[in-house]
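Q: All I have is the shape, not the residue letters:
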């Protein structure tokens, strides 16, 4: 049975981004694994939601949400247990247990150990910018690449490594819509201060088309992706683009995009396992 391993920084990264791919391959006979590197302990949460959950901490709540999401996707879950670091420049960067404070070698050795355990054919993770410059995403991306170097072609070494990416053209399409809505004074639609904390500048995101190797059709699995995303209630259930009509948003999500970063050079293809 072929194996796919997704390695991501936080609970919800597996659903909001590549959830369609994980759901698709799990239902096409691939053994799908998800590794989450941090506990997701940083971030705001509705106090009523936390109190009603019966959880003592946000990390405990997010662990339950993650288990729900991974079960919906049809994957097996692995946790590395580092603490969430928060966005660049936040106080949480200084916490001694945070991924931010961990050495790259420590994180890479932990990931290499997981690769030897799972022996995946394909690995997917964040791109080197972290998608939106989150330091934990960037650290995970670097640690995965370093882990492959440490393994040095040993038998458990995966055959391919992909980064999850956003096409620059699609990001700019969203930016134009947001700017229009912002002129109409719709709350939360400033593309330079996007997200719950207003700390994401969408105008700086996305990769050019020639850096994308796989446009993966996940249209048949969007219901599953949405169910998994809905498990992450403390993170809005994947509803960051509620300003778009549901039909438009589903059309926008029909494809997920991946850049093959190992081995290189890579050709364009429509399946993460093409030719394996």
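A: Structure's in. What do you need? Keep in mind that this is a model prediction, so the values were computed, not measured.
Q: buried sites along the lowest-mean-pLDDT helix or strand in the chain?
A: When each helix and strand of the chain is scored by mean pLDDT, DSSP states H and E, helix 246-252 comes last, with a mean of 81. Going by neighbour count (16 or more other Cβ atoms under 10 Å), the buried part of helix 246-252 is residue 249. Using the backbone N, CA and C atoms, a C-beta is placed for each residue, glycine as well.
Q: What average pLDDT does the next helix or strand after that helix get?
A: Counting by DSSP states H and E, the next helix or strand C-terminal to helix 246-252 is strand 255-262. Computed over strand 255-262, the mean pLDDT rounds to 97.
Q: now stretch 96-103
A: 97.
Q: For the remainder of this discussion, apply numbering that starts at 37.
A: Got it, the first residue is 37 from now on, which makes the last one we talked about stretch 132-139.
Q: can you give me the end-to-end distance of it?
A: 11 Å (Cα to Cα, to the nearest Å).
Q: can you check stretch 183-199 too?
A: 15 Å.
Q: same question, stretch 219-239
A: 16 Å.
Q: Which positions within it qualify as buried?
A: 225, 227, 230, 235, 236, 237, 238.
Q: still on that earlier bit, just how off-centre is the least confident helix or strand of the chain within its chain?
A: 20 Å (Cα atoms, centre = their mean, to the nearest Å).
Q: and what of stretch 185-204?
A: In terms of Cα atoms, centre = their mean, the centre of stretch 185-204 is found 15 Å from the chain centre.
Q: what pLDDT, on average, does that stretch get?
A: Mean predicted confidence for stretch 185-204 is 93.
Q: Any idea how far apart the tips of it sit?
A: End residues of stretch 185-204 are separated by 29 Å (Cα to Cα).
Q: does residue 122 sit in a helix, a strand or a coil?
A: Assigned with DSSP: H, G, I helix; E, B strand; the rest coil, residue 122 falls in the coil class.
Q: ok, the closest residue to it other than its chain neighbours - how many residues close by?
A: Nearest residue to residue 122, sequence neighbours excluded (Cβ to Cβ, 6 or more residues apart in numbering): residue 128, at 3.4 Å. Neighbour count for residue 128, taken as other Cβ atoms under 10 Å: 19.
Q: show me what contacts residue 128?
A: Contacts here follow Cβ atoms under 8 Å, 6 or more residues apart in numbering; on that basis residue 128 touches 78, 119, 120, 121, 122, 134, 136.
Q: By neighbours, which of these wins?
A: Result: residue 121 is most packed of the contacts of residue 128 (other Cβ under 10 Å), 27 neighbours.
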